[in-house]
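J.: 3D, please:
(2 chains)
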Amino acid sequence: SQQGEEDPQALSIQEGENATMNCSYKTSINNLQWYRQNSGRGLVHLILIRSNEREKHSGRLRVTLDTSKKSSSLLITASRAADTASYFCATQSGAGSYQLTFGKGTKLSVIP
Amino acid sequence: DTGVSQDPRHKITKRGQNVTFRCDPISEHNRLYWYRQTLGQGPEFLTYFQNEAQLEKSRLLSDRFSAERPKGSFSTLEIQRTEQGDSAMYLCASSPPLAGGYTDTQYFGPGTRLTVL
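T.: Modelled structure (predicted):
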């Protein structure tokens, strides 16, 4: 079953603009991760944020986590055409389980 | 580090046939996962191995599905008596030994796309 719900389902922006994607989840978590998937390919890990962290940065990526609202956001600054992909949030609950539970994803299109 | 590899990349089969997929994890990664992804959805967890032991199985893994990792290296996923609903991308991921806790980055392979006619 899907744990998270990404919002929006699809996003189209111009190159150079910022892109913000949101993720909501249902149960308590150990950490939340964001992955990118280019059309028809495997997933690439982008960033991980632990449940005791509120914000994390990696290059042009900024992730926030609000465990009280069970939500996270991914901000991509100064977007590039190469950022065009689907973005998924995934949670790990801990408590003896290592499986990732993914949302349905946000499809981002960056127009040159 | 050559990444996770999967074979075949594409498989077309007729309903009722058996299929087997192979996954080779990144060397020295003792943990291996299988996921299934259908069109427009996120991946769904199927099963998890630590070394050769299968430690987690999803309810999605019906009796027709079996996964093995005999020597703690490569893994196979077999689907018996395939059904059209089995059509999906089957993704394998691996991760290194844990230093502690449950924080875990998984490295995914390119997937095997299965089409059941």
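
J.: Okay, helices next: where are they in chain B?
T.: In chain B, no helices are found when defined by DSSP state H.

J.: Low-confidence ranges, it, go.
T.: Filtered on pLDDT under 70, chain B yields the residue ranges B:1, B:100-103.

J.: Give me the spatial nearest neighbour of whichever residue of it sits closest to chain A, chain neighbours excluded.
T.: Scanning chain B for the residue nearest chain A gives B:Gly42, at 3.2 Å (criterion: C-beta to the nearest C-beta). C-beta coordinates here come from the backbone N, C-alpha and C atoms, glycine included. Closest residue to B:Gly42 apart from its sequence neighbours, by C-beta to C-beta, 6 or more residues apart in numbering or on different chains: A:Phe102 at 3.2 Å.

J.: Contact partners for the residue nearest in space to the middle of chain B?
T.: By C-alpha atoms, centre = their mean, the mean C-alpha position of chain B lies nearest to B:Trp34, the distance being 2.8 Å. Contact analysis of B:Trp34 by C-beta atoms under 8 Å, 6 or more residues apart in numbering or on different chains lists B:23, B:45-48, B:67, B:75, B:77, B:90-92.

J.: roughly how far apart are it and B:Glu68?
T.: With distances taken as C-beta to C-beta, to the nearest Å, B:Trp34 is found 11 Å from B:Glu68.

J.: list residues touching both of these two?
T.: With contacts taken as C-beta under 8 Å, 6+ apart, B:Trp34 and B:Glu68 have B:Ser75 as neighbours in common.

J.: circling back: can you add distance to chain A and neighbour count and give the contacts of B:Trp34 back as JSON lines?
T.: Written out in JSON lines, the entries for the contacts of B:Trp34 read as follows (distance: C-beta to the nearest C-beta, whole Å; neighbours: other C-beta atoms under 10 Å in any protein chain shown):
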{"residue": "B:Cys23", "distance to chain A": "11", "neighbour count": "27"}
{"residue": "B:Phe45", "distance to chain A": "4", "neighbour count": "23"}
{"residue": "B:Leu46", "distance to chain A": "9", "neighbour count": "22"}
{"residue": "B:Thr47", "distance to chain A": "9", "neighbour count": "22"}
{"residue": "B:Tyr48", "distance to chain A": "6", "neighbour count": "24"}
{"residue": "B:Ala67", "distance to chain A": "14", "neighbour count": "22"}
{"residue": "B:Ser75", "distance to chain A": "15", "neighbour count": "24"}
{"residue": "B:Leu77", "distance to chain A": "15", "neighbour count": "23"}
{"residue": "B:Tyr90", "distance to chain A": "11", "neighbour count": "23"}
{"residue": "B:Leu91", "distance to chain A": "6", "neighbour count": "25"}
{"residue": "B:Cys92", "distance to chain A": "9", "neighbour count": "29"}
